[in-house]
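K.L.:
Build the 3D model from these lines:
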Amino acid sequence: MVGVAVACALASAFFLAFGAQRQGSAVKADTGGLALNTSQISRLLRNPRWLLGLLLLGTGMALNVAALSMAPLTVVQPIGSIALVITTVVNSRDQGLHMNRITVAAITACVAGSMLFVSLAIMVTRTEQVVEPRQEVTIVLILAVVVVFFGGLNLVFRKRLRAIAHILGAGILFGFVAVLTKVIAGDLLNPNGRFLLNVPWYTIVAVAAAGALGSWFVQNAYSSGPPDLVIAGLTVIDPMVGIAIGIGVLHELRPDVPAVAAVAMSVAALIAIVGVVALSRYHPDVIQRRNEERRRQKPASKNPKAGPPT
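P.N.:
Below is the predicted model:
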């Protein structure tokens, strides 16, 4: 089953990559790099490119759900890092961008760190895991705090939040969504035959709230950053959050994990996160948007040759 899950996760990465690129280009064309608002969302709902991206993203998420239902979270989530490479290639050709050395190094760090992490996770993760009701409640309570925090942050500082802030918010929120999706999948597959009756109402509400707020953060990230930066955040921050929950709450790691493996996983995670931060600062698209913003904000210079009024 783990092999099938890995195949689903790889296919999911392809759909997510092309979906993100389609949506990212549509949002950028509509907003011109400015903050997204509700009226622009209504226009995007009638944009064929954005809708195609939504369809591709939906397919990718469905494949990811299937993968999560067949393998531990720590194995499935980091595989999505391959979507970063695909998105970068597709977006650079679409926008006519030339990747600088720092961008290439950052992408390499994201992919290498994530893949090293998943390789280590496969060796130290338990394949069978039953989520207890108290664990499910704990995850939902933590998520409630996270939703309130990022929801308040969006209300207070929405127009001043940059791409990296939106990406952090989206990555953390979708990390929780991934965890609860796996929990729901386990509830539905429970052999007692109750199916949906096994899923608590508060888990469904939590997933809906986190998914909605996370999607809003993703669309705002598209308006202020390239789609490959968005994918980098989601394929690094999302699994790191999911894995942290898997380790801290769901106890997915075996109790006999050697200390050197834990240290190696931490180093791999750090490398990937540093890659995301570097990408958020030095990606050619980010630099171009930053320069355009500075030109918009630069006050009109006074003509030194102009004399006093007569």
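K.L.:
going forward, measure contacts between C-alpha atoms and count neighbours the same way
P.N.:
Fine.
K.L.:
how about low-confidence regions in the protein?
P.N.:
Along the chain, segments meeting pLDDT under 70 span 31-39, 72-74, 77-78, 127-129, 159, 191, 193, 293, 296-310.
K.L.:
Apart from its chain neighbours, what residue comes closest to the most centrally placed residue in it?
P.N.:
The centre of the chain sits closest to residue 234, judged by C-alpha atoms, centre = their mean, with a distance of 1.8 Å. In this structure, residue 234 finds its nearest non-sequential neighbour in residue 171, 4.8 Å apart by C-alpha to C-alpha, 6 or more residues apart in numbering.
K.L.:
do the same with residue 268
P.N.:
Nearest residue to residue 268 in three dimensions, chain neighbours excluded: residue 113, at 4.4 Å (C-alpha to C-alpha, 6+ apart).
K.L.:
what's the spacing between that neighbour and residue 274?
P.N.:
Separation of residue 113 from residue 274 (C-alpha to C-alpha, to the nearest Å) stands at 9 Å.
K.L.:
Looking at the two, which is more packed in?
P.N.:
A direct count of neighbours by other C-alpha atoms under 10 Å for residue 113 and residue 274 places residue 113 higher, at 26 against 15.
K.L.:
Would you mind measuring from the more buried one to residue 259?
P.N.:
According to C-alpha to C-alpha, residue 113 and residue 259 sit 18 Å apart.
K.L.:
Can you mark which positions in the helix or strand hosting residue 288 are buried?
P.N.:
Using DSSP states H and E, residue 288 maps to helix 284-297. With burial defined by 16 or more other C-alpha atoms under 10 Å, the residues of helix 284-297 counted as buried are 284, 285, 286, 289, 290.
K.L.:
quick one, phi/psi of residue 99?
P.N.:
Recorded main-chain torsions at residue 99 are phi -70, psi 130, according to degrees, to the nearest 10.
K.L.:
Give the other helices and strands that the helix or strand that contains residue 17 contacts.
P.N.:
According to DSSP H and E, residue 17 maps onto helix 2-31. Helix 2-31 sits against helix 38-44, helix 48-70, helix 73-76, helix 82-95, helix 201-224, helix 227-248, with contacts defined as 3 or more C-alpha pairs under 8 Å, 6 or more residues apart in numbering; DSSP states H and E.
K.L.:
for those, which one sits closest to residue 121?
P.N.:
helix 73-76 (5.9 Å; C-alpha to C-alpha).
K.L.:
still on that earlier bit, how about the helices and strands packed on helix 2-31 in a markdown table, adding distance to residue 11?
P.N.:
Converted to a markdown table, these look like this (distance: least, C-alpha to C-alpha, whole Å):
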| stretch | distance to residue 11 |
| --- | --- |
| helix 38-44 | 26 |
| helix 48-70 | 7 |
| helix 73-76 | 12 |
| helix 82-95 | 9 |
| helix 201-224 | 21 |
| helix 227-248 | 14 |
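K.L.:
which stretch among the ones you listed comes nearest residue 10?
P.N.:
Of all these, helix 82-95 comes closest under C-alpha to C-alpha, at 7.6 Å.
K.L.:
Can you give the contact residues for the closest one?
P.N.:
With contact meaning C-alpha atoms under 8 Å, 6 or more residues apart in numbering, helix 82-95 is reached by 10, 13-14, 16-18, 20-21, 97-99, 107, 111, 227-228, 231-232, 235.
K.L.:
which among those end up buried?
P.N.:
10, 13-14, 16-18, 20-21, 99, 107, 111, 227-228, 231-232, 235.
K.L.:
sorry, back to before: which residues in the helix holding residue 17 does the neighbour count mark as buried?
P.N.:
Across helix 2-31, burial judged by 16+ other C-alpha under 10 Å covers 2, 5-28, 30-31.
K.L.:
From the chain's centroid, how far away is it?
P.N.:
Here helix 2-31 is found 11 Å from its chain centre; the criterion is C-alpha atoms, centre = their mean, to the nearest Å.
K.L.:
surely the residue nearest to residue 234 meets residue 231?
P.N.:
No: the pair residue 171 / residue 231 is not scored as a contact, 9.3 Å apart, by C-alpha atoms under 8 Å.
K.L.:
Contact partners for the residue nearest to residue 268?
P.N.:
Contacts were defined as C-alpha under 8 Å, 6+ apart; by that measure residue 113 touches 268, 269, 270, 271, 272.
K.L.:
Can I take it that it is in a strand?
P.N.:
No: assessed with DSSP: H, G, I helix; E, B strand; the rest coil, residue 113 is helix; it does not lie in a strand.
K.L.:
I'd like to know how far it sits from residue 96.
P.N.:
Counting by C-alpha to C-alpha, the gap from residue 113 to residue 96 is 28 Å.
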